[in-house]
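**Q** structure for the following, please:
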Amino acid sequence: MDSVVVVGNNNQTFFQKVINIFKSDTESLEQRNRRILLGHVENAWIKGVLDASLHGAALLDLGIKQDPESVTQYPWAIKKESTDETLPTGTSMLEIFDSIGMGRSLLILGAPGSGKTTMLLELARGLIARAREDVTQPIPMVFNLASWTEKLTLADWLAHELNNLYSVPRKTAPDWVKGNKLLLLLDGLDEVRQESRAKCVEAINEFRKQNGLTSLAVCSRSQDYADLNAKLSFEGAIEVQPLTQGQIAEFFNRFGDAIAGIKQVLKKDSALREMAETPLFLSIMILAYRDKQDVEILVSGDEKARRKHLFDNYIERIFERPRSKNVDFKKHDVLDHLSWLTHKMMKYNQIPLFIESVQPHWLGDINKIKEYNNAIGGIVVVFWALAFGVIGGLLNGINAGLLGSLFGGLFGGLVWIKSGGLNEKGENISTVDTLSWSWVSASAGLVLGLITGVLAGLIAGLGGMLIAGVIGGFKIGLSVGLNVSLSASQFFTPVFMIGFMIANGLKARQIDTTTFPGQRLVFTAKNFIVLFLIFVIFIFIGLIFGLTSGIIIGLICGLSFGIIYYGGNTLLRHYTLRFILARNNLLPWRLVPFLDHCVDLIFLRRVGGGYIFIHRLLMEHFAEMYVETPTSKEN
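**A** Just a heads-up that it's a prediction; the model follows:
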């Protein structure tokens, strides 16, 4: 028995070792995923935004006041009253967040440009360092709420953004959201559409009910949040306080006589002095008005006029800075393009901006959309006319080629109409990042193609019978009709069967990574090239081995159909839209170099494969620069 026991223990030890090996591999994979995600957040938001922030130098020690009355606290939360006292100088955001306790939720309020987003990112910096030291800590992830819509729950939106911004695979992103693996840092509640902000608050509260162990922090402008009827059900809230006059003076002393003009103006202008109490405007003042006399700074009017004057001077100074790269974009073009683009980004909640998100309805003017649709229609008609003309010519000579071109042109017109060619708002463009195959859908397409081919043959026969009947009488018409119907059925049936089978069987999906601008377009182009090569290979195989004309036609048309709908159509529409935009001087043709130039100008920041403005206020300023003309007004 002893020997049996020993054998049993040895076997158990062996299996335990095997299990431990796999367990170790799993833990290593999780640690690798954590390291990658932490790197994504740090590179995008800490190094890309916080460290390069416009007003980082003016942060000093911002005053922070607790504001518990701004949130609806849980019943078990310790009731706190609002006071005018600020937290002790030097209190870090991590300390404030930790003081809330487990299941932390914090609302960060502040005036425009007060530094609330910077505070959120400072919190992210501390949380990233902690998560690297302790694998049991959740991963801090930063999201901008501007892209949230009422169509999605917060959990679904977060899963989408994880895939879109942080390269988390689409299939596993929901598990990351619902598995309490993340710590959510949500910026820009005030950037959600005004009519949807209350719904967004409700969505966040509902998420808290379903995922109470997930900690999160939310940023919002104080006034925009106060205007809402709904409140966040959070444990804590703070409000970033304005800079004191002592802090402003301390900051000005760093620049000596270069800002003497600004100091003189602040003594005379109380409204401008109040603007200087926010770190953003204080930093912009230094950049915009440095080495200028007070007479160049003073401006009459309200706060809006002063803000416009300040941003206009800031932009002028930005363009005066020496550039490290040779660029072909002129100043007035940059301003015009950015103002139009910003107007659309805010109108359609595209923050961050991805190149693939530019859509035909952004053209706004119905005449421009018609121009776009007609260009697409012309290209599609010519493509199909050439395709069918070549097929007919190869099989039955010139006359058949001409008839094939006529039919192909008509077919192309129908394809164009079916795919939204008559849509006055422009059909949305969806990228084809990856392709998969479904035999069930392909079988259904095969049956549908058979029915369509037979019907096409009958319609062709009926047309032939009517024409021949008018010319030669009933008997001749009937005979011609039957022959035409049989021939047309033999022609169309394999075409539509294989065409519909391929079109139905192929399924387009999105990629799991997006790390550089236009990456989805690159993947779409690769799919287009692959299908095109398959198309060419099958033609040569058919010609070499003497396959029947019906199969050759079916392969050609079926794969052409696949190319049009799975890659080619997306590229055609996207680049036609880019051409129309460039032709109407709305955006440059070289869009990525233009946006990168705006990054170099410190107007934009790169976040993953997208772009964001360095600050919401600057974005709003560019949007206000956009002026609708009679031909640009949207319907």
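**Q** below-threshold pLDDT in the stretch 501-635 of the chain: ranges please.
**A** 502-520, 531-566, 608, 627-635 (pLDDT under 70).
**Q** can you show me the strands along it?
**A** Counting by DSSP state E, counting those that start in this stretch, the stretch 501-635 of the chain has these strands, from start to end: 506-509, 604-607, 610-613.
**Q** so which elements touch the last one?
**A** Read it as strand 610-613. helix 591-600, strand 604-607 (3 or more C-beta pairs under 8 Å, 6 or more residues apart in numbering; DSSP states H and E). For every residue, glycine as well, the C-beta is placed using N, CA and C.
**Q** and those as TSV, adding distance to Leu572 and mean neighbour count?
**A** As requested, the helices and strands packed on strand 610-613 are exported to TSV (distance: least, C-beta to C-beta, whole Å; neighbours: other C-beta atoms under 10 Å):
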stretch	distance to Leu572	mean neighbour count
helix 591-600	17	18
strand 604-607	28	20
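**Q** relative to Gly246, which of these is closest?
**A** If you check each of the helices and strands packed on strand 610-613 against Gly246 by C-beta to C-beta, strand 604-607 wins as the nearest, at 31.4 Å.
**Q** what sits up against that closest one?
**A** Here strand 604-607 makes contact (C-beta atoms under 8 Å, 6 or more residues apart in numbering) with 44-45, 48-49, 52, 165, 352, 517, 595-596, 598-599, 611-614.
**Q** right, and Val334 touches Cys598 too?
**A** Yes - Val334 lies in contact with Cys598 (C-beta atoms under 8 Å); the separation is 7.0 Å.
**Q** average pLDDT across the helix or strand containing Lys370?
**A** Using DSSP states H and E, Lys370 sits in helix 366-416. Helix 366-416 carries an average pLDDT of 69.
**Q** cool, stretch 259-274 as well?
**A** pLDDT averaged over stretch 259-274 gives 82.
**Q** buried residues in it, which are they?
**A** By neighbour count on 16 or more other C-beta atoms under 10 Å, the buried set for stretch 259-274 is 259, 261-262, 265-266, 269, 272.
**Q** which of those fall in helices?
**A** 261-262, 265-266, 272 (DSSP state H).
**Q** average pLDDT across stretch 346-357?
**A** On average, stretch 346-357 scores 82.
**Q** residues in contact with that stretch?
**A** Against stretch 346-357 from outside (C-beta under 8 Å, 6+ apart): 144, 146-149, 164-165, 188, 191-193, 341, 344-345, 359, 362, 429, 431, 514, 517-518, 520-521, 574, 591-592, 595, 607-612, 619-620, 623.
**Q** list only buried entries from those.
**A** Buried members of the contacts of stretch 346-357, counted by 16+ other C-beta under 10 Å: 144, 146-148, 164-165, 188, 191-192, 341, 344-345, 359, 362, 429, 431, 514, 517-518, 520-521, 574, 591, 595, 607-612, 619-620, 623.
**Q** let me see the domain layout of the protein.
**A** 24-241, 441-494 (automatic domain parsing).
**Q** can I get these in JSON lines with distance to Tyr289 and mean pLDDT?
**A** Below are these laid out as JSON lines (distance: least, C-beta to C-beta, whole Å; pLDDT from 0 to 100):
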{"stretch": "domain 24-241", "distance to Tyr289": "14", "mean pLDDT": "82"}
{"stretch": "domain 441-494", "distance to Tyr289": "64", "mean pLDDT": "66"}
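**Q** could these go into CSV alongside distance to Arg583?
**A** Formatted as CSV, the domains of the chain follow (distance: least, C-beta to C-beta, whole Å):
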stretch, distance to Arg583
domain 24-241, 29
domain 441-494, 38
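**Q** tell me which of those lies nearest to Ile580.
**A** domain 24-241 (25.1 Å).
**Q** so the residue nearest to Lys231 when sequence neighbours are not counted, which state does it fall into?
**A** Excluding the flanking residues, the one nearest Lys231 by C-beta to C-beta, 6 or more residues apart in numbering is Thr72, at 4.7 Å. Here Thr72 takes the coil state, with states given by DSSP: H, G, I helix; E, B strand; the rest coil.
**Q** ok, Thr72 - contacts?
**A** 231-234.
**Q** show me where the stretch 101-250 of the chain has helices.
**A** Remark: helices assigned in the stretch 101-250 of the chain by DSSP state H, counting those that start in this stretch are 116-133, 154-166, 173-178, 197-210, 222-226, 245-252.
**Q** ok, back up a step: of the buried residues of stretch 259-274, closest to Ser300?
**A** Nearest to Ser300 among those, counting by C-beta to C-beta, is Asp269 at 9.8 Å.
**Q** that closest one and Leu243, how far apart?
**A** 16 Å (C-beta to C-beta, to the nearest Å).
**Q** before we move on, what about Leu335?
**A** Distance, Leu335 to Leu243, by C-beta to C-beta: 30 Å.
**Q** the two: which is more packed in?
**A** Leu243 (25 against 15; other C-beta atoms under 10 Å).
**Q** thought the more buried one was touching Gly113?
**A** No - applying C-beta under 8 Å, one finds Leu243 not in contact with Gly113, separated by 10.7 Å.
**Q** joint contacts of these two?
**A** 278-279.
**Q** residues in contact with stretch 309-322: which ones?
**A** Under C-beta under 8 Å, 6+ apart, the answer for stretch 309-322 is 275, 281, 284-285, 287-290, 299, 331, 335, 601-603, 617-618, 621.
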